[in-house]
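# After the sequence you'll find the predicted model.
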Amino acid sequence: MPSYEDELSRFEELNTQVLGISVDSVPSHEAWQQSIGGISYPLCSDFYPHGAVAEKFGVLRQEGFNERALFVIDGEGVVRFIDVHPIDKQPDNEEIFDVLRKIRG
């Protein structure tokens, strides 16, 4: 997630709003953000009802936490790209930028 912060200007050039969401609580999010020096984009809590958003998107694990996943949702609310990847891996941001450029046309 810090790598998205580092690339915010590139996301903005592609008219893209970055946001994070996890099943952790707001206090947990705040502590995590402080531990990495902060982020300036929204970080949403899917804490209560626990994992409701993750469940709707099909990425809530039985263990009670969400998969590491990327969703690109266009201005009409249509999911245009989904990438669910190993929890300990982050895809290269260039892949995301390629997808955003294709959607933008």
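Arrived safely.
# gap between whichever strand or helix holds Asp98 and the chain center?
Per DSSP states H and E: Asp98 is located in helix 93-104. Centre-to-centre, helix 93-104 and its host chain are 15 Å apart (C-alpha atoms, centre = their mean, to the nearest Å).
# Just list whatever residues bridge to the most centrally placed residue in the chain.
Nearest to the geometric centre of the chain sits Gly20, at 3.8 Å (C-alpha atoms, centre = their mean). Counting by DSSP bridges, Gly20 forms beta bridges with Leu43.
# Cross-check the contact I'm expecting between it and Glu5.
No: with contact defined as C-beta atoms under 8 Å, Gly20 does not count as touching Glu5 (10.1 Å). (Glycine included, C-beta is placed from N, CA and C.)
# Between the two, which contacts overlap?
Common contacts of Gly20 and Glu5 (C-beta atoms under 8 Å, 6 or more residues apart in numbering): Ile39, Tyr41.
# so where do the strands sit in the chain?
For the chain, applying DSSP state E gives strands covering 20-22, 43-45, 68-73, 79-85.
# Need the residues that contact the first one.
Think strand 20-22. 1, 4, 29, 39, 41-46, 53-54, 65-66.
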